[in-house]
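>>> Sharing a model prediction with you, sequence too.
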Amino acid sequence: MRGAIAIVKREIRSYFCSPIAYVVLGVFLFVMGVIFAKFVDLYQRFNSAQQFGQAQGITIDKVATYLYQNMAFILCFVTPFLTMRLFSEEKRQHTLELLFTAPVRELEIVIGKFLSAYFLMLLMLAVSAIYVFFMVLWGSPELKIIGATYLGLALALACYVSLGGLISAMTSSQAIAAVWTFIALLFLWLLQSLGQGITAAWGPIQWGPTLVYISPLGHFNSFSEGLIHVKDVVYFVSFTIFCLFLTHRVVESNRWR
């Protein structure tokens, strides 16, 4: 997989040689910082009111759960800005053809571009771990639950990036790739709520539970509660591999156009 490693180095270099990585990272940390400060303020207010019997207090674990559930949703907005250029920019500048002439296979191109964007997303998760430090200072959060939540976030990000890469491979416009990636991710999240109100069935297929299972929200919520189920891990891994397979087929088809 030397070709994939070369692609990863090339893509990461291009990210940090342009303002994209810095702007996306800065915006993400700013938004999450505002949300974290709001939750901490509520935590302090509720616990202060509890001392006087005026309200029921909330635990630091609840703050962590709400924080990371919001983070998983915010990442739906962030991901398109990193994945939109993976293939669309290559197609717009007609440099994808040059990659085909290089000693690198299509699969290595797909994996290399996926890993480069995924690395940046994991870097954002690593930086966000500073919130754990503050929560430990202010309380005694369940670190096992937080660890499981970060595992869920990492698996969910793999799905986000693979889907964004697939959509980027289908267009030569970065703007179109970003918009459709966001729409697709938002739609997947809304399937959780949509499926809960559907009772229709088609033969043995129950549409409600099926739509709920397709949505990543329910699978991530299990991680945010400290529960690591095999079915949830299989869902995220299968979703990622399926999108990478489709991306490989799309990229491969461009060689013969």
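Thanks, I have it. Numbering: from 1, shown residues only.

>>> Distance check, the most centrally placed residue in the chain against Ala175.
The structure's the chain has its C-alpha centroid closest to Leu157; by CA atoms, centre = their mean the separation is 2.8 Å. Spatial separation of Leu157 from Ala175 under the definition CB to CB, to the nearest Å is 22 Å. In this view, the C-beta of every residue, glycine as well, is placed from N, C-alpha and C.

>>> Can you tell me, leaving aside adjacent residues, what's nearest to the residue nearest to the centre of the chain?
Nearest residue to Leu157, sequence neighbours excluded (CB to CB, 6 or more residues apart in numbering): Met121, at 4.6 Å.

>>> List the buried residues in the strand or helix carrying the one you found.
Here Met121, judged by DSSP states H and E, is contained in helix 106-128. Residues of helix 106-128 classed as buried by neighbour count (16 or more other CB atoms under 10 Å): 106-118, 120-122, 124, 128.

>>> what's the answer for stretch 247-257, then?
Burial within stretch 247-257, assessed by neighbour count using 16+ other CB under 10 Å, is assigned to 247-248, 250-252, 254.

>>> and which of these is nearest Tyr213?
Sorting the buried residues of stretch 247-257 by how near they are to Tyr213, with CB to CB, puts Thr247 at the top with 22.7 Å.

>>> so the closest one is in which element?
For Thr247, the enclosing helix or strand under DSSP H and E is helix 230-255.

>>> Tell me where the chain has helices.
Counting by DSSP state H, the chain forms helices over residues 2-16, 20-51, 60-83, 88-92, 96-101, 106-128, 130-138, 143-169, 174-196, 207-214, 216-224, 230-255, given from the N-terminal end onward.

>>> what mean pLDDT would you report for the shortest one?
It refers to helix 88-92. Throughout helix 88-92, pLDDT has a mean value of 79.

>>> on that earlier part again, any idea of the pLDDT on the residue nearest to the centre of the chain?
Looking at Leu157 specifically, the model assigns a pLDDT of 93.

>>> give the contact list for it.
75, 79, 118, 121-122, 125 (CB atoms under 8 Å, 6 or more residues apart in numbering).

>>> Pick the one among these closest to Arg92.
Out of those, the one with the shortest distance to Arg92 is Thr79. That distance is 20.0 Å, counting by CB to CB.

>>> follow-up on the earlier one: including distance to Tyr235, could the buried residues of stretch 247-257 go into CSV?
Formatted as CSV, the entries for those read as follows, by distance: CB to CB, whole Å:
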residue, distance to Tyr235
Thr247, 19
His248, 21
Val250, 23
Val251, 25
Glu252, 26
Asn254, 29
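
>>> Go through the residues you listed and name the one nearest Phe87.
Distances from Phe87 to the buried residues of stretch 247-257, taken as CB to CB, are shortest for Val251 (6.8 Å).
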